[in-house]
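# whatever this is, show me its structure:
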Amino acid sequence: MDPIAALRRIGFLLERERAPTYRVRAFRNAALTLAGLRPDELDRRAADGTLTELPGIGKTTGTVIGQALAGQVPQYLADLEAGVQPLTTGGEGIRAQLRGDLHAHSDWSDGGSPIQEMTVTAQELGHEYQALTDHSPRLKVANGLSADRLRRQLRIVATLNEHLGDFRLLSGIECDINDDGTLDQSDQLLGRVDVVVASVHSKLRSDSGSMTRRMLRAIADPHTDILGHCTGRLVTGGRGTRPPSQFDADRVFAACAEHQVAVEINSRPERLDPPMPLLRQAVAAGCLFSIDTDAHAPGQLDWQAYGCARAEAAQVPVDRIVNTWPLDRLLDWTNRG
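So this is what the prediction gives:
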């Protein structure tokens with residue numbers, strides 16, 4: 001078995017199950033170390049027992065590598081595979097029709113893995129496209145991309161797409177909605193990316209009137225494609241809990257329907273946003289939807305199952321889920337403005 005593939009798979013499964021970051025990092029760092037070795041050096045070190053002298057390789061990862069090189073499925077990986085269970089029940093029919101994911105982060109902002117690793121994992125999951133939506137400059141705590149960094153990232157995405165065959169890495173941004181409802185990036189750059197997810201990340205306890213005005217202006221912006229995690233709530237996880245923001249849902253969802261802005265069904269277990277009553281309200285309002293993982297690590301790209309189960313429970317019409325659409329239809333929609 002290829003040892004790099006074994007280490008990557010272990011990292012994926014640990015991320016999928018929400019294991020602590022330090023455990024995941026050990027396997028992903030070991031895979032990066034191996035990727036920089038010549039094959040003859042790897043074989044030599046395995047033979048003379050010096051793998052653990054390399055940076056990022058310890059006793060456990062060294063055992064995984066040695067077992068893989070010996071033609072075995074590493075025991076650590078076999079144990080993880082034996083414990084794999086569906087993340088949730090329901091939504092399988094919707095998930096089978098999803099073609100991609102329109103909200104995910106790389107290590108260019110607050111994600112944990114390089115663009116290439118997120119892209120390869122999306123391909124392995126059977127996606128036809130994957131959007132790269134790192135944060136915008138205002139969100140400094142998440143290492144948001146300045147205009148110059150976004151331009152550099154756009155060049156990298158274009159270069160990668162020359163080598164991805166039928167798969168498409170979509171350029172994008174999760175753009176902060178400023179206090180006044182404007183978007184946190186220039187019109188020129190927003191016009192260059194394929195997908196704009198507009199999200200509120202600050203002053204989440206504002207009064208309903210202020211939050212409604214802020215959201216309505218962002219929804220009316222012709223660059224906005226998706227309204228990200230619309231209430232900002234947190235229901236579990238290391239950051240604690242947070243109640244949903246207050247806004248006039250009738251007006252916000254009516255505006256989304258009018259401007260063909262998709263309401264995100266955010267699949268992160270700590271978000272599951274919007275809450276079910278609001279999700280059903282958005283369905284009744286005639287909104288489009290995007291079922292996204294908001295992944296910050298490759299294994300989290302498998303979390304769409306959570307959003308699909310909620311979409312099924314809310315009776316979201318499949319044809320109104322934009323990431324079930326073929327790429328050409330999707331891009332016609334994102335270019336509508």
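# make it CA atoms for all contacts and neighbour counts henceforth
OK.
# show me which residues of the helix or strand where Thr61 lies are buried.
Here Thr61 is covered by helix 59-69, with elements defined by DSSP states H and E. The neighbour-count check on helix 59-69 (16 or more other C-alpha atoms under 10 Å) flags Thr61, Gly62, Thr63, Val64, Ile65, Gly66, Gln67, Ala68, Leu69 as buried.
# pLDDT and distance to Leu87 added to those residues, as a markdown table?
Below are the buried residues of helix 59-69 laid out as a markdown table (pLDDT from 0 to 100; distance: C-alpha to C-alpha, whole Å):
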| residue | pLDDT | distance to Leu87 |
| --- | --- | --- |
| Thr61 | 97 | 26 |
| Gly62 | 96 | 30 |
| Thr63 | 96 | 29 |
| Val64 | 97 | 26 |
| Ile65 | 96 | 28 |
| Gly66 | 94 | 31 |
| Gln67 | 96 | 29 |
| Ala68 | 97 | 28 |
| Leu69 | 94 | 31 |
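# okay if I get those residues as TSV plus distance to Ile177?
TSV is the format used below for those (distance: C-alpha to C-alpha, whole Å):
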residue	distance to Ile177
Thr61	42
Gly62	46
Thr63	48
Val64	45
Ile65	46
Gly66	49
Gln67	50
Ala68	48
Leu69	50
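# isn't Leu327 right up against Gln130?
No - if you go by C-alpha atoms under 8 Å, Leu327 and Gln130 don't touch, sitting 10.3 Å apart.
# re earlier: widest-spaced pair of the buried residues of helix 59-69?
Thr61 and Leu69 (12.3 Å; C-alpha to C-alpha).
# name all residues that make contact with Ile219.
Counting by C-alpha atoms under 8 Å, 6 or more residues apart in numbering, Ile219 makes contact with Leu227, Ala255, Cys256, His259, Val261.
# please save the CA atoms from the helix or strand containing the second one in PDB.
In this structure, Ala255 is located in helix 249-259 according to DSSP H and E. Coordinates of each C-alpha in helix 249-259 appear next as PDB, following Å, rounded to 0.1, in the frame of the first residue of the first chain:
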ATOM      1  CA  ALA A 249     -36.900  36.400   7.900                       C
ATOM      2  CA  ASP A 250     -39.900  37.200   5.700                       C
ATOM      3  CA  ARG A 251     -38.000  40.200   4.200                       C
ATOM      4  CA  VAL A 252     -34.600  38.500   4.000                       C
ATOM      5  CA  PHE A 253     -35.900  35.300   2.300                       C
ATOM      6  CA  ALA A 254     -38.200  37.300   0.000                       C
ATOM      7  CA  ALA A 255     -35.100  39.300  -1.100                       C
ATOM      8  CA  CYS A 256     -33.100  36.100  -1.600                       C
ATOM      9  CA  ALA A 257     -35.900  34.700  -3.900                       C
ATOM     10  CA  GLU A 258     -36.100  38.000  -5.800                       C
ATOM     11  CA  HIS A 259     -32.400  38.300  -6.400                       C
END
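# only the buried residues of that helix, if you could.
By 16+ other C-alpha under 10 Å, the buried positions in helix 249-259 come out as Ala249, Val252, Phe253, Ala254, Ala255, Cys256, Ala257, His259.
# for Leu132, phi and psi?
Dihedral angles of Leu132 (phi, psi; degrees, to the nearest 10) stand at phi -100, psi 110.
# can you report how many residues lie near it?
Look at Leu132: counted by other C-alpha atoms under 10 Å, it has 30 neighbours.
# residues touching the longest strand seen in the chain, excluding its own?
Looking across the chain with DSSP state E, the single longest strand is strand 168-176. Identification of contacts with strand 168-176 by C-alpha under 8 Å, 6+ apart yields 103, 119, 128-136, 138-139, 154, 157, 160-161, 183-185, 193-201, 228.
# stretch 243-250 too?
204-209, 211-212, 231-235, 278, 281, 285.
# could you pull up the mean pLDDT of stretch 329-337?
Stretch 329-337 carries an average pLDDT of 95.
# quick one on the thing from earlier: could you flag which of the contacts of strand 168-176 are buried?
103, 119, 128-136, 138-139, 154, 157, 160, 183-185, 193-201, 228.
# least trustworthy helix or strand in this structure by mean pLDDT?
Comparing helices and strands within the chain by mean pLDDT, DSSP states H and E singles out helix 39-48 as the least confident, with a mean of 91.
# quick one: buried residues of it?
For helix 39-48, a neighbour-count test (16+ other C-alpha under 10 Å) marks Leu42, Ala46 as buried.
# what's the angle from that helix to helix 59-69?
In terms of direction (axes from the mean of the first three to the mean of the last three C-alpha atoms, to 10 degrees), helix 39-48 departs from helix 59-69 by 110 degrees.
# which one of the contacts of Ile219 is nearest to Ala311?
Nearest to Ala311, judged by C-alpha to C-alpha, of the contacts of Ile219 is Leu227 at 16.0 Å.
# what sits opposite the closest one in the beta ladder?
Ala198, Val263 (DSSP bridges).
# so for it, what's the pLDDT?
For Leu227, pLDDT reads 99.
# could you check how many residues crowd around Arg271?
Arg271 has 22 neighbouring residues, counting by other C-alpha under 10 Å.
# next: Val316.
Residues within reach of Val316, counting by other C-alpha under 10 Å, total 22.
# just confirm it contacts Ala282, I think it does.
No - counting by C-alpha under 8 Å, Ala282 is not a contact partner of Val316; they are 9.1 Å apart.
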